[in-house]
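Chemist: Just to be clear, the model below is a prediction. Sequence and coordinates:
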Amino acid sequence: MSLLKTYGVLLLILILVPSLGLFVERFVFYKLRKLSEKSPWGWDKVLIDSLRYIPTLWSFLVALYLVSEELKLPKSIVLVKDKALWVLFIISFALFVSRLVGGFLRLYINRYREDLPATSLVVQVSRVVILVVGVLIALDKIGVAITPILTALGVGGLAVALALRDTLENLFAGFHILATKQIKVGDYIRLQSGEEGFVEDITWRNTILRQPANNLIIVPNSKLSTSIITNFHMPQPEMSVIVPVGVSYDSDLEKVERVTLEVAREVQKEVEGGVPDFEPMIRLTAFGDFFINFNVILRAKDFGSQHLLRHEFIKRLKKRYEQEGIKIPFPVREVYLNPASKE
């Protein structure tokens, strides 16, 4: 009867302790995660996200340890059990630390070091290094010699490099892109082949571009590093917006220039995305077939702001021209027909 009672207690431990960890994971951490989303700090959310699934796993390991200690197992089995529990604990702890370091690294770069790229490549490399160290520590803990493994990796490195030539080429191309700092996450770029979009992320293999239509373009890092690229955010995000306009030959160009600049200044100051202190310019360009051509030069804060700025300027300029009596002619074609000669 006492044996049955003992096994019942052990079964209860095996059920209740992991259930406690699952409760902490599903309910306590859920509430804390909701609170961290409202917090301005950010480090608390990183900490909670790093602990995902860890309490459940650790509580399960604790339950296995407690049960195994009471079962009076043979020494050989106890030795294997202890090594297995240590390996699982060390690897899970390394996983937790890798998540924590990666999250804090991304948070630090985003907030305090805008000159450094907070891309997936940087975060992933830091996490992989920590996980590799954790695996090596776990192997050393169970008595596996690390030196022969490192030697074998060194000897087999050439074979691996040849087998993963394309992958390594993209990896080092990604590091090259980050090191030169000519492309950063958030920049709008256009490739020589015509693809363009905002840089969403730079991973160990690809660079992800998001088009204005919200489509994603996946570009291998090796292709990106060898392509001719136009970066619309370098050397600064501000960019000129050139709007071509034409007025009739009957127009007073002095008046046209004055009215157009008034509208342009108004748009620069009132429209979101315009540079308020920029002085718009007008430059006459050509005598066209139906009107006198000129360009109005505005200034947008970044590539994405140019569309609204151009939209508001055209709309307000047409309305103002109508009020001032300035005509924007449309093409007119006169056709002369010669009457057929009578025989």
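Modeler: The structure has been received and is ready for your questions.

Chemist: Any regions of the stretch 51-200 of the chain where pLDDT drops low?
Modeler: 110-121, 149-164 (pLDDT under 70).

Chemist: Arg33 sits in which helix or strand?
Modeler: helix 29-37 (DSSP states H and E).

Chemist: List the buried residues for that helix?
Modeler: Neighbour-count burial for helix 29-37, counted by 16 or more other Cβ atoms under 10 Å, picks out Phe29, Leu32, Ser36. (C-beta placed from N, C-alpha, C; glycine too.)

Chemist: Run a quick neighbour tally on Leu100.
Modeler: 18 (other Cβ atoms under 10 Å).

Chemist: And the residue nearest to it when sequence neighbours are not counted, what's its pLDDT?
Modeler: Counting by Cβ to Cβ, 6 or more residues apart in numbering, Leu100 lies nearest to Ser50, which is 4.2 Å off, once chain neighbours are set aside. In the prediction, the pLDDT value recorded for Ser50 is 83.

Chemist: you'd agree Leu20 is up against Ser59?
Modeler: Yes. When contacts are counted by Cβ atoms under 8 Å, Leu20 is listed as touching Ser59 (5.8 Å).

Chemist: of the two, who's got more company?
Modeler: Neighbours per residue (other Cβ under 10 Å) separate Leu20 from Ser59, with Ser59 holding more: 20 against 15.

Chemist: can you tell me how far the more buried one sits from Glu70?
Modeler: With distances defined as Cβ to Cβ, to the nearest Å, the gap from Ser59 to Glu70 amounts to 17 Å.

Chemist: who does the helix holding Arg33 touch, helix- and strand-wise?
Modeler: Packing contacts for helix 29-37, counted by 3 or more Cβ pairs under 8 Å, 6 or more residues apart in numbering; DSSP states H and E, involve helix 43-50.

Chemist: And the helix it packs on, how far out from the chain middle?
Modeler: Relative to its parent chain, helix 43-50 has a centroid offset of 19 Å by Cα atoms, centre = their mean, to the nearest Å.

Chemist: which strands and helices sit next to that helix?
Modeler: Counting contacts by 3+ Cβ pairs under 8 Å, 6+ apart, helix 43-50 packs against helix 29-37, helix 75-112.

Chemist: what is the mean pLDDT for stretch 38-45?
Modeler: 73.

Chemist: Stretch 308-315: which residues count as buried?
Modeler: Taking 16+ other Cβ under 10 Å as the criterion, stretch 308-315 shows Leu309, Arg310, Glu312, Phe313 as buried.

Chemist: Extract the CA atoms of it and return them as PDB.
Modeler: Presented in PDB, the C-alpha positions along stretch 308-315 are these (Å, rounded to 0.1, in the frame of the first residue of the first chain):
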ATOM      1  CA  LEU A 308       1.300  63.500 -51.300                       C
ATOM      2  CA  LEU A 309       3.400  66.600 -51.800                       C
ATOM      3  CA  ARG A 310       3.000  66.400 -55.600                       C
ATOM      4  CA  HIS A 311      -0.700  65.600 -55.400                       C
ATOM      5  CA  GLU A 312      -1.500  68.600 -53.200                       C
ATOM      6  CA  PHE A 313       0.600  71.000 -55.200                       C
ATOM      7  CA  ILE A 314      -1.100  70.000 -58.500                       C
ATOM      8  CA  LYS A 315      -4.600  70.300 -57.000                       C
END
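
Chemist: Not counting it itself, show me its contacts.
Modeler: 241, 243, 263-264, 267-268, 271-274, 296, 298, 300 (Cβ atoms under 8 Å, 6 or more residues apart in numbering).

Chemist: Restricted to helices, list these.
Modeler: Val263, Ala264, Val267, Gln268 (DSSP state H).

Chemist: Would you mind listing which of those are buried?
Modeler: So, of the ones in helices among the contacts of stretch 308-315, Val263, Ala264, Val267, Gln268 end up buried under the neighbour-count rule (16+ other Cβ under 10 Å).

Chemist: Out of these, which is nearest to Lys255?
Modeler: Ranking those by separation from Lys255, with Cβ to Cβ as the measure, puts Val263 on top at 12.6 Å.

Chemist: In this structure that closest one contacts Leu317, no?
Modeler: Yes. Counting by Cβ under 8 Å, Val263 does reach Leu317; the two are 5.0 Å apart.

Chemist: So which residues of the chain form helices?
Modeler: Secondary structure of the chain (DSSP H): helices located at 2-23, 29-37, 43-50, 54-70, 75-112, 120-141, 146-163, 165-180, 221-226, 253-270, 306-324.

Chemist: Greatest separation within the contacts of stretch 308-315: which pair is it?
Modeler: Checking the contacts of stretch 308-315 with Cβ to Cβ, the most distant pair is Glu272 and Val296, at 18.9 Å.

Chemist: more crowded one of these two?
Modeler: More crowded of Glu272 and Val296, by other Cβ under 10 Å: Val296, with 23 against 9.

Chemist: pLDDT value on the more buried one, please?
Modeler: Among the per-residue scores, Val296 holds a pLDDT of 94.
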